[in-house]
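*Asks:* Structure here, sequence nowhere to be found:
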């Protein structure tokens, strides 16, 4: 491991303990964020297990459903895997008829990974009840309350992605 990487990790780890004077609301929000993160990992792991995949595979599938077709290298960057690992991931998704490789309409030398309709059925089968309950939970909050929650979640996600990129450098 390079000195630069080791120094960055040490600085990151040094920032983990919270100061005793941290506001209780901040502590509760951070604890809720950790709990939400754990719950998301457990949910995706359980769904992946049901369909014979890895949690990273289901997150990649989720990303493709959200963003649309991506090249294998774009998918690799987005999920933080090597291109070789991403090839194996795409192979697993293809073997379960969840995605397919299609020629890029703008450059026939390239391929795009495209979600198949069976993926929507599979994900709907496993996550449909959760998503319905989550929607009901969201509908119990006002638009103003949801705006605050959304702003926080977006900022927290961006912060986490920035730190993930930094840890990989």
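*Replies:* Looks like it arrived, so ask away. Here the structure is a predicted model, which is why all the values come from computation and not from measurement.
*Asks:* list the buried ones in stretch 80-93?
*Replies:* 81, 86, 89, 90, 92, 93 (16 or more other C-beta atoms under 10 Å). Using the backbone N, CA and C atoms, a C-beta is placed for each residue, glycine as well.
*Asks:* Point me to the helix or strand that includes the fourth one.
*Replies:* Of the helices and strands defined by DSSP states H and E, residue 90 is found in helix 83-95.
*Asks:* can you list the weak-confidence ranges in this structure?
*Replies:* Low-confidence segments of the chain (pLDDT under 70): 1-22.
*Asks:* Identify, by residue count, the longest strand of it.
*Replies:* Ranked by number of residues, the top strand in the chain under DSSP state E is strand 107-115.
*Asks:* on that earlier part again, identify, from the buried residues of stretch 80-93, the entry nearest to residue 102.
*Replies:* Checking the buried residues of stretch 80-93 against residue 102 with C-beta to C-beta, the nearest one is residue 90 at 11.8 Å.
*Asks:* Turn the buried residues of stretch 80-93 into TSV, columns for distance to residue 113.
*Replies:* Listed next are those as TSV, based on distance: C-beta to C-beta, whole Å:
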residue	distance to residue 113
81	13
86	9
89	9
90	6
92	12
93	8
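*Asks:* between those, which is nearest residue 122?
*Replies:* Looking across the buried residues of stretch 80-93 and measuring by C-beta to C-beta, the closest to residue 122 is residue 93, at 10.4 Å.
*Asks:* What strand or helix carries the most centrally placed residue in the chain?
*Replies:* Residue closest to the average C-alpha location in the chain (C-alpha atoms, centre = their mean): residue 59, at 5.0 Å. Using DSSP H and E, residue 59 sits within helix 55-67.
*Asks:* name the helices or strands packed onto that helix?
*Replies:* With contacts taken as 3 or more C-beta pairs under 8 Å, 6 or more residues apart in numbering; DSSP states H and E, helix 55-67 sits against helix 24-51, helix 72-79, helix 83-95, strand 107-115, helix 117-139.
*Asks:* hmm, try it at 10 Å
*Replies:* helix 24-51, helix 72-79, helix 83-95, strand 99-104, strand 107-115, helix 117-139 (3 or more C-beta pairs under 10 Å, 6 or more residues apart in numbering; DSSP states H and E).
*Asks:* Give me the sheet partners of the shortest one and which way each runs.
*Replies:* Translated: strand 99-104. Looking at strand 99-104 with DSSP bridges, its partner strands are strand 107-115 (antiparallel).
*Asks:* So which residues make contact with the partner strand?
*Replies:* Strand 107-115 is contacted by residues 60-75, 86, 89-90, 93-94, 98-106, 123 when judged by C-beta atoms under 10 Å, 6 or more residues apart in numbering.
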